[in-house]
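# Sequence unavailable; structure follows:
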């Protein structure tokens, strides 16, 4: 404990005389894409299990040119299979990418602040454990939601007497929706995880304020004529904010620090000293 306190004191002393940081923190888009690729792989395995479950029935119905009997399938069996696949993969994925985003954040912030960064102090371990729990739940939800989507599509087809070819197309569409959902989960969770780690590490060395910095493109929320004109991120660019008192980021009055709002690519540039 004494050595840890001495290390923190040394890092705070190193920051005390500086007026500004060396550069803007980066955004871990490569980590987000790697996580998304891993979740897409999981989604492909889930889709393959759905195909194995439906194939015998689809083949029979195609031969008969009817889809009404598909409503008799036991989707409870499919639910168990999909949930097992997702659960079996979830822990490995979140442990691997939790460690990866932590390493990435520690390295990037060390470069920004020009000090040594402790990789896993208690506050960071607590954050990573919370991130782990949330992401396990989100990964397991991919299987659960795909099950619900496919079940509803098949039952609706049975009710309407939809052609088998149309039913097959509708099931494939649900695979695409599930993949999009996996991509969104990965990007959102890596950006949020990185932002939370930055806040924890800055707080540890006494940094309380930051300059809001957007990605300065048409996707920034609130950009006039941009892709997402609603929102206040554009107006927040270059404003000085406090980690403990986040600014209002949308028209609903919600408050957030950079990177913690949904799919936010903004970053907090730490302010050193008063």
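Perfect, thanks for sending it. Because the structure is predicted, anything quoted here is derived from the model rather than measured.
# shaky segments in the stretch 1-150 of the chain?
For the stretch 1-150 of the chain, applying pLDDT under 70 flags the ranges 1-22, 58-72, 119.
# In it, mark out all the strands, start to finish.
Counting by DSSP state E, counting those that start in this stretch, one finds no strands in the stretch 1-150 of the chain.
# Give me the longest helix you can find in this protein.
As assigned by DSSP state H, the longest helix anywhere in the chain is helix 164-204.
# From the contact counts, what lies against it?
helix 29-64, helix 75-113, helix 122-160, strand 267-270 (3 or more CB pairs under 8 Å, 6 or more residues apart in numbering; DSSP states H and E). Just so you know, the C-beta spots here come from the backbone N, C-alpha and C atoms, and that holds for glycine as well.
# Tabulate those (a markdown table), appending mean neighbour count and distance to residue 213.
Below are the helices and strands packed on helix 164-204 laid out as a markdown table (neighbours: other CB atoms under 10 Å; distance: least, CB to CB, whole Å):
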| stretch | mean neighbour count | distance to residue 213 |
| --- | --- | --- |
| helix 29-64 | 17 | 15 |
| helix 75-113 | 17 | 12 |
| helix 122-160 | 17 | 22 |
| strand 267-270 | 22 | 5 |
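# which one of these lies closest to residue 245?
Evaluated over the helices and strands packed on helix 164-204, closeness to residue 245 peaks at strand 267-270, with 12.9 Å, by CB to CB.
# returning to what we had before: show me how far the longest helix of the chain is from its chain's centre.
6 Å (CA atoms, centre = their mean, to the nearest Å).
# now the helices and strands packed on helix 164-204 in a markdown table, with distance to residue 185?
A markdown table is the format used below for the helices and strands packed on helix 164-204 (distance: least, CB to CB, whole Å):
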| stretch | distance to residue 185 |
| --- | --- |
| helix 29-64 | 6 |
| helix 75-113 | 11 |
| helix 122-160 | 5 |
| strand 267-270 | 21 |
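# who wins for proximity to residue 202 among the ones you listed?
strand 267-270 (5.2 Å).
# Could you name the helices and strands sitting against that closest one?
In terms of contacts (3+ CB pairs under 8 Å, 6+ apart), strand 267-270 is packed against helix 75-113, helix 164-204, strand 209-213.
# Residue 148: which of these is closest?
Among these, helix 75-113 comes nearest to residue 148, with 8.4 Å by CB to CB.
# Report the angle between the closest one and helix 122-160.
Counting by axes from the mean of the first three to the mean of the last three CA atoms, to 10 degrees, helix 75-113 points 150 degrees away from the direction of helix 122-160.
# just checking, what packs against helix 75-113?
In terms of contact count using 3+ CB pairs under 8 Å, 6+ apart, helix 75-113 is assigned the packing partners helix 29-64, helix 122-160, helix 164-204, strand 267-270.
# what about it, distance to the chain center?
10 Å.
# quick one, it and helix 164-204 angle?
Helix 75-113 and helix 164-204 meet at an angle of 30 degrees, taking the same axes, to 10 degrees as the criterion.
# Can you tell me the closest non-neighbouring residue to residue 236?
Take residue 236 and drop its neighbours on the chain: the residue closest to it by CB to CB, 6 or more residues apart in numbering is residue 212, 4.4 Å away.
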